[in-house]
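**Q** build me a structure from this.
(chains A, B and C)
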Amino acid sequence: MEELIEILEDLQPGVDYENVDDLVDGRYLDSLTILSLISEIEDAFDVEIPTVEIIPANFNSAAKIWELIERLQEED
Amino acid sequence: MRKCVKNAIKSIIFLLLFCILVEGISIILLPFDKVKKYGIYKTSAYEIVAEKDNSIDAIFLGDSLVYSSISPMEIWNSYGYTSYDCAQPAQIMPYAYDYLEAAIESQHPKLVFIEANILFRDPEKLPLYKKVAYRIGNYIPIIKYHSNWKKYFTKDKNSWLNVDKGYIYITGIKPSKKDKLNYMHDNDELEVSILPENIEYFDNMIKLCEENDIELVLLAVPSQKSWSFTKYSMVKLLADSKGLEFIDFNIDNDLDIDWATETKDKGNHLNYWGAVKVSAYLGEYMEKTGLLTDHRGDSEYKSWTTAYGIYKEKLK
Amino acid sequence: MSFFSPVFAFVFIPFVVIVYNLFPKKLRAAVLLAISLLFFAFVSRWLILYIILSIISIYLSGLGMQAIEKKKKEVLKTVEKDEKKAVKESYKKKKKFVLVMCIIFNVAFLFMFKYFNFFAVNVNLLLEYFKVGRSITIVKHLAPIGISFYTLEALSYVLDIYYGKIEADKNIIRLALYVAFFPQLLEGPIARYQDTAEALYEGKKVTFESFTFGYQKILYGFAKKLIIADRLNIIVKEVFEDFNSYNGISIFISIVAYTIMLYMEFSGTIDIVIGIGEMFGVKVPENFRQPFFAKNVSEFWTRWHISLGLWFKDYIFYPVSLSKTMKNLTGKAKKKLGNHYGPLVSGSVALLAVWLLNGLWHGAGWHYIFFGLYHFFMILMGNIWEPSVAKACEKMGIDRKKKGYRIFQSVKMSILVFIGELFFRAPSLAVAFAMLKRMFNAFSFRVGELFELGMDARDYVVLVFGLIGIFIMGILREKGIDVRENISKKKLVTRWLIYYALILLILIFGAYGQGYVPVDPIYADF
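**A** Okay, here's the model as predicted:
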């Protein structure tokens, strides 16, 4: 989780990632940033995020992203 | 069930109040005291009714061809005759008859012109929604006159005056590619006929005119798309059988319409410059009948002089 | 038949509602489908064949892909572990084949109706250039109503099944109703199967509440269109048709007027669609979210024509940028360019694809393609500059969250959008550029000039009040306040006064009747 927040901080500084729960709907992350985020996550956690999973509900908060990563790791 | 009844009652009250409101607004937008004085009336269909009683010399019945080809103000300025375009888009015979009936209630015109194209329209073919809109327009005049609110926000004291007398002023040009007269045979393949019920209405109109001592004249204004040789021949036959005069501007080329500059839509309707020619010819025709008197200078007709001033101003 | 014709709104809709309610719940979906198809046939006659073919094609492809998936699971149970991968691959290929065939089938219709002539004209130019003595015959035909909208809906359905997001629908009536629901045929929005299919099929009774509630939204849509869009059309028509007679400021005003007009016409139509949807208990997705409050062009497009933007994002942007080749590219680029610029490389390739298609979706014409490229460029630039702007602001001590800066951003964004929409409206690229050139070269200002564009002072007053009204509604919505919900809590007298006021405002101040030319439903041609 900490590693994830570090990645997020790195990509888009100045957001309170612990608490914000509308990262996508609130436009903190635009689609290009999400692209960077996905490639970072895939490198760091050794998962593959399929396009189907790229929906606002999965990316609206750091916690949700973390849930997604854990789920994908299990599925592998 | 009780809720249903309650809702129904609520809806009815809502609609009733709405009708009252609309009626109230209509009075504001079409004030009665101004009606006769300035020539507007609480009906959207028959504007002529709002003209001063017995002040109109001639009326023109017909569809869009009439209100785009004949400008009463031009006739007024050159001959001092008062005329009125009693026209509606895609007018059909029953409506023309209604219009004539409404007009002669308060007017005693000496001449009535019928634009012959409406003889070829099938009243049944008028889409239902247009018929409905026509009726609604008669009952809810604010739909047509809603822009009258503007007349409350102007210093112009003549803003309520009906200037155009039914004519709709258009200066746009869309040249036609066809040349002067050959078009008369272009539309000949089109199957046209004068329906028996239209003849019936026409006969009723003739009767109405006879009773009121009005001379009826058939007319075909220049149009490359709406008119054809077949139509001419049929109307000519009809006119002869009834002993009526028939002026066809399409067959007699006296007007010399320039189809490159004097049409607004590639030859179907004339624009302002075409209308000036048609109106001049008709004014001359009226003069030749010897039925009408020149009202220019008559103080009873002062509003026509004022209207002409505004009309001219608009043309600039 | 336009939504804004009184016959549609006050005769057709009540009629549909009554007929719909008369039938038992189970049959209502079928009734609504029949009405939708009749509506389609009424507008497009025999071209109804094409929407039916589209529906059948996605219905069968959906079931086909589902069957392949099921078979795969059965086979997987029986094979050894080391063979599993190969089995998975082979079934994936089969599924993909079905998907691709279905997409080609549907896109072919779209191409035939919308792009063939554009393609033919340009190929002919090339042939002529190379002195090949042949040419492609240009065929003129009318496209089926809403083909751009329903084709995208149909494609999203098969793609979602392919990706495993949804199950294939066994009920062709439900599926057909999703694709052909009549209010959405004219100008969208492009709904997803998950959004509307279930609710449409349910056959909920239209209640007094849902009916009146829906009508409020419809009236608001009418107000936008009749009071503002049709009034602005006077200026737009006047100046765009003869821009050489006007100088800079008039051209500028007409360009701004066009974008506002487009917004009012399009979002007004969507309000009507949403209102009709609400009557039947269907939540048609919102297509606009106060676009002019956006910070930048990229955000603007997440607030304007939302359903189209999301479609491109889900089915073009992510699939392209996350494809294997692109991922490799991203990885390499990141090493060289760093975390901000690295992913931009593959992102921008995907973005280019999105905006080329977006431009083309709007119509076959070079100015639409330019319109797409223009937005691609603006969004890309925004992204490239972002870190430098952030740094510069920090250095100069500008707080980017302050109101003043936000307004500055919105104004800058709006100007960029106005220029984009100019390319959209102008009949050709050359005209658009000529207008821009003239705007700067012949710049001068007289107050009197405002009244030479066809609108008088009284029209401007109505316009300004109308825009203020809509602006206030926008702020309320931005703050998450549901105006209709609030009105419904008021006393009956207050409520009715509000309704009467709205209707009378439209009746009196609407720009309809003699002297006004209504805006054609702009998006209906796409």
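**Q** contacting residues for whichever residue of chain C sits closest to chain A?
**A** As assessed by C-beta to the nearest C-beta, chain A sits closest to C:P343 within chain C, at 3.8 Å. (Each C-beta comes from the backbone N, C-alpha and C, glycine too.) Listed by C-beta atoms under 8 Å, 6 or more residues apart in numbering or on different chains, the contact partners of C:P343 are A:32, A:35-36, A:39, C:330, C:333-334.
**Q** quick check: buried residues in stretch C:287-304?
**A** Residues of stretch C:287-304 classed as buried: C:287-288, C:290-304 (neighbour count, 16 or more other C-beta atoms under 10 Å in any protein chain shown).
**Q** off-centre distance for that stretch?
**A** 13 Å (C-alpha atoms, centre = their mean, to the nearest Å).
**Q** at the geometric centre of the chain, which residue do we find?
**A** The chain I'm using is chain A. For chain A, A:I65 is the residue whose C-alpha lies nearest the centre (C-alpha atoms, centre = their mean; 4.3 Å).
**Q** looking at chain B here, not the other one
**A** For chain B, the residue nearest the mean C-alpha position is B:A87 (2.0 Å; C-alpha atoms, centre = their mean).
**Q** which ones are touching that residue?
**A** So, once contact is read as C-beta under 8 Å, 6+ apart, B:A87 ends up touching B:60-67, B:115, B:166.
**Q** hmm, try it at 10 Å
**A** B:59-70, B:96, B:99, B:115, B:118, B:166-168 (C-beta atoms under 10 Å, 6 or more residues apart in numbering or on different chains).
**Q** also B:Y84?
**A** Neighbours of B:Y84 in contact, by C-beta under 10 Å, 6+ apart: B:39, B:47-48, B:51, B:55-61, B:70, B:72, B:103, B:107, B:109, B:162, B:164-167.
**Q** tell me which of the contacts of B:A87 fall in helices.
**A** Counted as lying in helices by DSSP state H, out of the contacts of B:A87, are B:64-69, B:96, B:99.
**Q** closest one of those residues to chain C?
**A** Using C-beta to the nearest C-beta, the ones in helices among the contacts of B:A87 come closest to chain C at B:Y67, 10.8 Å.
**Q** isn't that closest one right up against B:K264?
**A** No: using C-beta atoms under 10 Å, B:Y67 makes no contact with B:K264, being 11.9 Å away.
**Q** the more surrounded of the two?
**A** B:Y67 (26 against 19; other C-beta atoms under 10 Å in any protein chain shown).
**Q** where's that one relative to B:I214, distance?
**A** According to C-beta to C-beta, to the nearest Å, B:Y67 and B:I214 sit 21 Å apart.
**Q** can you classify the residue of chain C closest to chain A as helix, strand or coil?
**A** At C:P343 the chain is in helix, as set by DSSP: H, G, I helix; E, B strand; the rest coil.
**Q** now do the same for B:Y129: its pLDDT.
**A** Looking at B:Y129, its pLDDT reads 69.
**Q** where in chain B is pLDDT low?
**A** In the predicted model of chain B, residues B:31-45, B:129, B:137-139, B:179-181, B:253 satisfy pLDDT under 70.
**Q** now do the strands in it.
**A** B:58-62, B:83-87, B:111-115, B:215-220, B:245-248 (DSSP state E).
**Q** so which of the ones you listed is nearest C:R134?
**A** strand B:215-220 (48.5 Å; C-beta to C-beta).
**Q** what's the neighbour count on the closest residue to chain C within chain A?
**A** Using C-beta to the nearest C-beta, A:S36 is the residue of chain A that sits closest to chain C, at 3.8 Å. Using other C-beta under 10 Å, A:S36 has 24 neighbouring residues.
**Q** residues in contact with it?
**A** A:7, A:10-12, A:29, C:330, C:334, C:339-344, C:346-347.
**Q** residues near the closest residue to the residue nearest to the centre of chain B other than its chain neighbours, how many?
**A** Of all residues beyond its chain neighbours, the one nearest B:A87 is B:V66 (3.8 Å), with distances taken as C-beta to C-beta, 6 or more residues apart in numbering or on different chains. Look at B:V66: counted by other C-beta under 10 Å, it has 27 neighbours.
**Q** mind checking how far B:V66 is from B:S226?
**A** Plainly put, B:V66 is 12 Å away from B:S226 if you go by C-beta to C-beta.
**Q** so what sits against both of these two?
**A** Both B:V66 and B:S226 are in contact with B:115, B:117, where contact means C-beta under 10 Å, 6+ apart.
**Q** how about the residue of chain B found nearest chain A, nearest residue that isn't a chain neighbour?
**A** Residue of chain B nearest chain A, by C-beta to the nearest C-beta: B:N7 (37.8 Å). Nearest residue to B:N7 in three dimensions, chain neighbours excluded: C:F208, at 4.3 Å (C-beta to C-beta, 6+ apart).
**Q** ditto for C:C102
**A** With C-beta to C-beta, 6+ apart, the residue lying closest to C:C102 is C:S61, at 3.8 Å.
**Q** with B:E197 instead?
**A** B:P123 (6.9 Å).
**Q** next, the contact list for the one you found, please.
**A** By C-beta under 10 Å, 6+ apart, B:P123 lies in contact with B:92-95, B:131, B:195, B:197-198, B:201.
**Q** for the stretch 1-150 of chain B, which residues are neighbours of chain C?
**A** Residues of the stretch 1-150 of chain B found near chain C (C-beta under 10 Å from any C-beta of the partner chain) are B:3-4, B:6-8, B:10-11, B:13-14, B:17-18, B:21-22, B:24-25, B:28-29, B:44, B:127-130, B:132-133, B:136-137, B:140, B:142-150.
**Q** next step: those residues restricted to helices.
**A** By the criterion of DSSP H, membership of those in helices covers B:3-4, B:6-8, B:10-11, B:13-14, B:17-18, B:21-22, B:24-25, B:28-29, B:128-130, B:132-133, B:136-137, B:142-145.
**Q** quick one, which of those are buried?
**A** Buried members of these, scored by 16+ other C-beta under 10 Å, are B:22, B:25, B:29, B:137, B:142-145.
**Q** which one of these sits closest to C:S57?
**A** Nearest member of those to C:S57, counting by C-beta to C-beta, is B:I143, at 45.4 Å.
**Q** most proximal residue of the stretch 351-500 of chain C with respect to chain B?
**A** Taking C-beta to the nearest C-beta, the stretch 351-500 of chain C has C:R458 as its residue nearest chain B, at 5.0 Å.
**Q** from C:V107, how far out is that residue?
**A** Counting by C-beta to C-beta - C:R458 and C:V107 are separated by 50 Å.
**Q** and these two? which has more neighbours close in?
**A** Between C:R458 and C:V107, C:R458 has the larger neighbour count (other C-beta under 10 Å), namely 16 against 13.
**Q** for the host helix or strand of the more buried one, buried residues please.
**A** Using DSSP states H and E, C:R458 maps to helix C:457-478. Within helix C:457-478, the residues that qualify as buried are C:458-459, C:462-463, C:466-467, C:469-470, C:474, C:477, counting by 16+ other C-beta under 10 Å.
**Q** now stretch A:43-54
**A** A:45, A:47, A:49, A:51-54.
**Q** same deal with stretch C:269-285?
**A** C:269-282, C:284-285.
**Q** anything in it near chain A?
**A** No: if you take C-beta under 10 Å from any C-beta as the test, stretch C:269-285 misses chain A, and the best it gets is 13.2 Å.
**Q** quick check: mean pLDDT of that stretch?
**A** Averaging pLDDT along stretch C:269-285 gives 94.
**Q** going along the chain, name the helices of the stretch 151-300 of chain C.
**A** Remark: helices assigned in the stretch 151-300 of chain C by DSSP state H, counting those that start in this stretch are C:172-180, C:183-187, C:193-202, C:208-223, C:230-241, C:248-279, C:297-300.
**Q** would you list these in JSON lines and tack on distance to C:S444?
**A** As requested, the helices of the stretch 151-300 of chain C are exported to JSON lines (distance: least, C-beta to C-beta, whole Å):
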{"stretch": "helix C:172-180", "distance to C:S444": "52"}
{"stretch": "helix C:183-187", "distance to C:S444": "38"}
{"stretch": "helix C:193-202", "distance to C:S444": "50"}
{"stretch": "helix C:208-223", "distance to C:S444": "35"}
{"stretch": "helix C:230-241", "distance to C:S444": "15"}
{"stretch": "helix C:248-279", "distance to C:S444": "6"}
{"stretch": "helix C:297-300", "distance to C:S444": "29"}
